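[1] Sequence first, then the predicted structure, then my questions.
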Amino acid sequence: MSLFRWQLVVSLGAVLAIWLLCQSAVWLQGYSLLMAPFGATLVLIFATPDSPLAQPRNVIGGHLLAATVALALLHGFGNGAEVTAAAVGLSILLMFRTHTVHPPAGATALVVMMTKPGWLFLLTPVAAGAIGLVLLAKCYHRYCAHPLRS
């Protein structure tokens, strides 16, 4: 299959994934799985699924780690500029140390600091959204996009 056709199929997979995240607020009675960093995550998991940065451990672990760090700092020290910067920097350091580097997760830390959510943010949208995207991408690549790569 042509490269263009594979690119089109992969892009349509990302469209489907974002649409499902948008619909989650309706299906989950107000609990949305959508957050901006997931847009960048989709680029990695759909366009470069073999990249180390796009692996399930990195996607799920990176987002969860960054959200946890940011929530702890937010609830412990507020969301000033220094704390916000520390949340991103510490998230990066811990992603390195745990082998879960996922660049969009740096933005997850920023989202936490900017929106000041409660601890349930870890469940929705972070955990449920990241796990859902990984599962969707794996299925999509297995059944829709993978045969087109060759």
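    Nice, I can see it.
[2] Touching the helix or strand hosting residue 139 from outside, list them.
    Assigned by DSSP states H and E, residue 139 belongs to helix 128-140. Defining contact as CB atoms under 8 Å, 6 or more residues apart in numbering, one finds that helix 128-140 is touched by 13, 16-17, 20-21, 24, 33-35, 38, 41-42, 45-46, 49, 56, 59-60, 63-64. Every residue, glycine included, has its C-beta placed from N, CA and C.
[3] 7 Å instead, please
    With CB atoms under 7 Å, 6 or more residues apart in numbering as the test, helix 128-140 has contacts from 13, 17, 20-21, 33, 35, 38, 41-42, 45-46, 49, 56, 59-60, 63-64.
[4] How about the lengthiest helix in the chain, which residues are buried there?
    Scanning the chain for the longest helix, with DSSP state H as the assignment, gives helix 3-27. Across helix 3-27, burial judged by 16 or more other CB atoms under 10 Å covers 6, 9, 10, 13, 14, 17, 20, 21, 24.
[5] Wait, the second one touches residue 144, no?
    Yes: here residue 9 reaches residue 144: they are 5.9 Å apart, a contact under CB atoms under 7 Å.
[6] picking up where we left off before, among the contacts of helix 128-140, name the buried ones.
    For these, buried by 16+ other CB under 10 Å: 13, 17, 20-21, 33, 35, 38, 41-42, 45-46, 49, 59-60, 63-64.
[7] In space, not sequence, find me the middle residue of this protein.
    Against the mean C-alpha coordinate of the chain, by CA atoms, centre = their mean, the closest residue is residue 38 at 4.0 Å.
[8] Next, work out how far apart that residue and residue 19 are.
    12 Å (CB to CB, to the nearest Å).
[9] Let me see the contact set for residue 117.
    Taking CB under 7 Å, 6+ apart as the definition, residue 117 has no contacts.
[10] again, 10 Å this time
    Residues near residue 117 by CB atoms under 10 Å, 6 or more residues apart in numbering: 35, 67, 70, 71, 74, 111, 124, 125, 126.
[11] which stretches of the protein have low pLDDT?
    1, 145-150 (pLDDT under 70).
[12] re earlier: so which of the buried ones among the contacts of helix 128-140 belong to helices?
    Checking the buried ones among the contacts of helix 128-140 against DSSP H, those in helices are 13, 17, 20, 21, 38, 41, 42, 59, 60, 63, 64.
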